[in-house]
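>>> the sequence isn't on hand, but the structure is:
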């Protein structure tokens, strides 16, 4: 004969699951709202009008700074020179540290992509003529890029990984809580099944 389930053991499991569930949901709350809203804006990106704002600036790199710039021998890509890093920071308040630049015989070019926009600097190696252009596509584009992890750096990438792990804890503990309550809630598994079958049918029938 099978032993009846111990209600105290079940209560301990439920308490533990509920604790993990509410803690993980609290951690995920703001991030999940962000990813839900930006999922909508990304899905309707074609209908949401964006007006990029472009800023273009020009300047001349001083001769002593230009003389400290040594083009790499036989390389098309090499680090952006420290001398130009300091100059760009002082001239335009632009941080270019750690960036890789594209080198040619007559100029050096560095791309500065960022969430919600783009930027670049070009410096002529012969005359020191420099051009800086920055494009800002607005807050919606900024948050969309956060959703995609586009040009967001290592710290945001780590956050996305930690957020994904917290969401897994939230979902798995929720699944076990559903299982433990399913006996008294007959619609539990049909609703879970609907959440699986509906997107599977849509993908099978309408995505080619």
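Sure thing, it's come through. Quick caveat: nothing in here was measured; it's all calculated off a predicted structure. Residues are numbered from 1 along each chain as shown.

>>> which residues of this protein score low on pLDDT?
Low-confidence segments of the chain, defined by pLDDT under 70: 1-5.

>>> show me where it has helices.
7-43, 63-67, 82-92, 139-148, 153-181, 188-206 (DSSP state H).

>>> elements contacting the fifth one?
Pointing back at helix 153-181 there. On a contact count with 3 or more Cβ pairs under 8 Å, 6 or more residues apart in numbering; DSSP states H and E, helix 153-181 meets helix 7-43, helix 188-206. Bear in mind the C-beta positions are built from the backbone N, C-alpha and C, glycine included.

>>> okay, buried residues for that helix please.
Neighbour-count burial for helix 153-181, counted by 16 or more other Cβ atoms under 10 Å, picks out 160, 163, 166-167, 169-170, 173, 177.

>>> and the direction of that helix versus that of helix 139-148, what angle?
70 degrees (axes from the mean of the first three to the mean of the last three Cα atoms, to 10 degrees).

>>> just want the angle from helix 153-181 to helix 188-206.
130 degrees.

>>> and helix 153-181, how far out from the chain's middle?
Distance of helix 153-181 from its chain centroid, counting by Cα atoms, centre = their mean, to the nearest Å, is 17 Å.

>>> among the helices of the chain, which is nearest residue 113?
Residue 113 lies closest, by Cβ to Cβ, to one member of the helices of the chain: helix 139-148, at 9.3 Å.

>>> sorry, back to before: from the buried residues of helix 153-181, which single one is nearest residue 14?
residue 177 (7.2 Å).

>>> is it true that that closest one touches residue 16?
No: applying Cβ atoms under 8 Å as the test, residue 177 and residue 16 come out as separate, 10.4 Å apart.

>>> residue 142 versus the nearest residue to residue 138 once chain neighbours are set aside, what's the distance?
Closest residue to residue 138 apart from its sequence neighbours, by Cβ to Cβ, 6 or more residues apart in numbering: residue 50 at 5.6 Å. For residue 50, the distance to residue 142 equals 11 Å [Cβ to Cβ, to the nearest Å].

>>> neighbour count winner among the two?
residue 142 (15 against 12; other Cβ atoms under 10 Å).

>>> so what's that one up against?
Residues near residue 142 by Cβ atoms under 8 Å, 6 or more residues apart in numbering: 115-117.
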